[in-house]
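K.L.:
Build me a model:
(chains A and B)
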Amino acid sequence: MTTAEKYVTAAYCAVFAVVLVYVVLIALKLHRLEREVGELERRRPVEQAAEDERGTVGVG
Amino acid sequence: MNVVGRSYRIPLPALAAASLVLVTTALAMAFYVVPNDADQGFSQRVFYFHVPIAFTAYACFAGGAWKAFRHLWKRDPNADLESYVAVHQGLIFGSLVLITGSIWAKISWGHWWLWSEDQLVLFLVLFLFYSAYFMLRFSVDPGPQRANLSAVYALFGVVLIPVSFLAIRIAKHFIHPIVFTSNVSSNLPGWMLVTYCVAQAALLVLAYTLYRVELSGKWLDARLRELRAA
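P.N.:
Numbering: from 1, shown residues only, chains lettered A, B, ... in the order given. This next block holds a predicted model:
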């Protein structure tokens, strides 16, 4: 491999690495957001039931 | 703030598939189809990605400025976030321009960077200007004031794009190669031009795909904040 070939390969590898790191970071963030949405959805019926219960006690 | 997002005609998986196909085709053409350049030899192959990445970075910054303009003019509720994501994409592609350009400079000039070259310094100025966009944005609390300040700053930066682009053409030393000129005979011939066009399309589609992915994440994040606040 000549010096020029090494440098050209390094340039393309750098592009690939930066795009890969960016995609991995975005994927991790989306995964975290999906998990948080799931937690919020799970928590919502519990909080709703607690609010309903409070409302019933207040009226009674 | 009510963040609802925007619906798009092209679905994200189709864009991702198109990016993959185009980038793979461009890489294959750059390494296996085009002949070595008569003047620069093998190192000229850096340009099949370096130049399209530079134009993509300019397009991202211009897109960010356009969205900033839309925010200020039409008060489009999605424009601020779209402008921010476009500028972010521009910075990612801008960093790739600096990396690939430096590698090419090392092969051809024997230096990673030359401060005496206006075109290099001007691109760095553009890059640093938009890097400071994030310092400004995150130094102000979320809300209309932050959106307005960010939009004005992104609009100012767009002036640097033609300056940076023209600097390569009006530079006194002409060390930095010019890929396209008004003289048709000195432009890229045959397969070189086809490869360049495929690479340019690949990078633009890739940037747009990443923009859409990041934007959907930002909308989801904003929606979550709203739900938590409620």
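K.L.:
Tell me where chain A is predicted with low confidence.
P.N.:
For chain A, the stretches with pLDDT under 70 are A:55-60.
K.L.:
Do a quick rundown of the helices in it.
P.N.:
A:3-59 (DSSP state H).
K.L.:
Residue numbers of it in contact with chain B?
P.N.:
A:2-5, A:7-8, A:10-12, A:14-15, A:18-19, A:22-23, A:26, A:29-30, A:33, A:36-37, A:40 (Cβ under 8 Å from any Cβ of the partner chain). Just so you know, the C-beta spots here come from the backbone N, C-alpha and C atoms, and that holds for glycine as well.
K.L.:
Now restrict the residues you listed to buried residues only.
P.N.:
Among those, those classed as buried by neighbour count (16 or more other Cβ atoms under 10 Å in any protein chain shown) are A:4, A:7-8, A:10-12, A:14-15, A:18-19, A:22, A:29-30, A:33.
K.L.:
okay if I get these as JSON lines plus distance to B:V33?
P.N.:
Compiled in JSON lines, those are given as follows (distance: Cβ to Cβ, whole Å):
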{"residue": "A:A4", "distance to B:V33": "18"}
{"residue": "A:Y7", "distance to B:V33": "20"}
{"residue": "A:V8", "distance to B:V33": "15"}
{"residue": "A:A10", "distance to B:V33": "21"}
{"residue": "A:A11", "distance to B:V33": "18"}
{"residue": "A:Y12", "distance to B:V33": "15"}
{"residue": "A:A14", "distance to B:V33": "22"}
{"residue": "A:V15", "distance to B:V33": "19"}
{"residue": "A:V18", "distance to B:V33": "25"}
{"residue": "A:V19", "distance to B:V33": "22"}
{"residue": "A:Y22", "distance to B:V33": "28"}
{"residue": "A:K29", "distance to B:V33": "37"}
{"residue": "A:L30", "distance to B:V33": "36"}
{"residue": "A:L33", "distance to B:V33": "41"}
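K.L.:
Go through those residues and name the one nearest B:V21.
P.N.:
A:V19 (15.3 Å; Cβ to Cβ).
K.L.:
Without its sequence neighbours, what residue ends up closest to that closest one?
P.N.:
Nearest non-adjacent residue to A:V19, counting by Cβ to Cβ, 6 or more residues apart in numbering or on different chains: B:L206, 7.4 Å away.
K.L.:
so which helix or strand takes in the one you found?
P.N.:
helix B:190-229 (DSSP states H and E).
K.L.:
average pLDDT across that helix?
P.N.:
The average of the pLDDT scores along helix B:190-229 is 90.
K.L.:
tell me which residues in that helix are buried?
P.N.:
So for helix B:190-229, counting by 16+ other Cβ under 10 Å, buried means B:192, B:195-196, B:198-224.
K.L.:
With stretch B:101-111 instead?
P.N.:
Quick answer for stretch B:101-111 (16+ other Cβ under 10 Å): B:G101, B:I103, B:W104, B:A105, B:K106, B:I107, B:S108.
K.L.:
Contacts (any at all) between chain A and that stretch?
P.N.:
Yes. Taking Cβ under 8 Å from any Cβ as the criterion, stretch B:101-111 and chain A are in contact, through B:I103, B:W104, B:K106, B:I107.
K.L.:
Tabulate those in a markdown table, adding columns for pLDDT.
P.N.:
Converted to a markdown table, the residues of stretch B:101-111 next to chain A look like this (pLDDT from 0 to 100):
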| residue | pLDDT |
| --- | --- |
| B:I103 | 92 |
| B:W104 | 89 |
| B:K106 | 89 |
| B:I107 | 87 |
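K.L.:
picking up where we left off before, output the buried residues of stretch B:101-111 in CSV, with secondary structure and distance to B:L166 appended to each entry.
P.N.:
Compiled in CSV, the buried residues of stretch B:101-111 are given as follows (DSSP: H, G, I helix; E, B strand; the rest coil; distance: Cβ to Cβ, whole Å):
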residue, secondary structure, distance to B:L166
B:G101, helix, 17
B:I103, helix, 24
B:W104, helix, 20
B:A105, helix, 20
B:K106, helix, 25
B:I107, helix, 25
B:S108, helix, 22
